[in-house]
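In: kindly generate the corresponding structure for this input.
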Amino acid sequence: GEQIKFDSFLNSLRKEKNYPLFLNYLLNLNNRDLLKAIALFLSQKDFIFINACEEKFIIDLLKIQDAEIQEYALNAVFLWERISDKETLKNIKIRNKYLQEDLDSFLGE
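Out: Here you go, the predicted model:
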């Protein structure tokens, strides 16, 4: 029900030219539930269908010092099984040592 409506809403937003601005706006809005929902939505897409602004959004989520948001963002990266800019990820420090270890092992592959 609700999830399907949300997914189709986000799928239609992805086609808008202001979509990158919208993602940026959400980061600044700092609504945890919305950030997690979008990370979950993006994690379910194949990486080949992820555009640059979405990848940047997930990386930006990793920079937010909130373990739950970081976990959702890491999950997206793991499900995609790749990221185009591993160097940026190497500079991210996560306070939660388990999440940091997961990130380190992903980068070490």
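In: secondary structure class of Ile92, three-state.
Out: coil (DSSP: H, G, I helix; E, B strand; the rest coil).
In: run a quick neighbour tally on it.
Out: 16 (other CB atoms under 10 Å). Backbone N, C-alpha and C define where each C-beta goes, glycine included.
In: which strands or helices does the worst-scoring helix or strand of the chain on mean pLDDT pack on?
Out: Lowest on mean pLDDT, DSSP states H and E among the helices and strands of the chain sits helix 2-13, with a mean of 86. Using 3 or more CB pairs under 8 Å, 6 or more residues apart in numbering; DSSP states H and E, the elements in contact with helix 2-13 are helix 32-43.
In: what helices or strands is the helix it packs on leaning on?
Out: By 3+ CB pairs under 8 Å, 6+ apart, helix 32-43 packs against helix 2-13, helix 19-29, helix 52-63, helix 67-80.
In: same list (these) but as a markdown table, adding distance to Asp104 and mean neighbour count.
Out: Below are those laid out as a markdown table (distance: least, CB to CB, whole Å; neighbours: other CB atoms under 10 Å):
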| stretch | distance to Asp104 | mean neighbour count |
| --- | --- | --- |
| helix 2-13 | 30 | 11 |
| helix 19-29 | 24 | 14 |
| helix 52-63 | 13 | 19 |
| helix 67-80 | 11 | 20 |
